[in-house]
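**Q** sequence first, predicted coordinates after that:
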Amino acid sequence: MVKNSFVPTHPGEVIKDELIARGITQKDFAQRIGVPYTMLNDVLNERRPLSAAVALYIETALGISADLLMGLQSDYTMQQTRNNAEIQRKLRKVQPYSSPQTTNLATPR
């Protein structure tokens, strides 16, 4: 497997930039959306993945699509996993199944 140099954006980066642009403190925002400050700070500083529930809270508070944020999280997680050396080592040992013969479903019996 070839290591991809693509660096995806963690959703925390987008949220953090939005809070800064709006002049909202992390502490105030965490309180407004009902999550612990430390958890929010971990997401914003890319130490924790964004959950679907928190993405919905953010969507409600800021108007940023939860689907967009979760898409960013999915892309970020997948790329981090693809670039993980231990995962790469294990992937080299996986034996793929061969493709089954396709049958023509239109053939009458």
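**A** Ah, there it is.
**Q** residue contacts, the residue nearest to the spatial centre of the chain?
**A** Closest to where the C-alpha atoms of the chain average out (C-alpha atoms, centre = their mean) is Gln73, at 1.2 Å. Applying C-beta atoms under 8 Å, 6 or more residues apart in numbering, one finds that Gln73 lies in contact with 10-11, 49-50, 55. Every C-beta, even on glycine, is put in place using the N, C-alpha and C of the backbone.
**Q** look up phi and psi at it.
**A** Dihedral angles phi and psi of Gln73 (degrees, to the nearest 10) take the values phi -60, psi -40.
**Q** in this structure Pro8 contacts Gly71, no?
**A** No - between Pro8 and Gly71 no contact is recorded; they are 10.0 Å apart, counting by C-beta atoms under 8 Å.
**Q** can you name the next helix or strand after the host helix or strand of Leu40?
**A** Per DSSP states H and E: Leu40 is located in helix 37-44. Downstream of helix 37-44, the first helix or strand assigned by DSSP H and E is helix 52-62.
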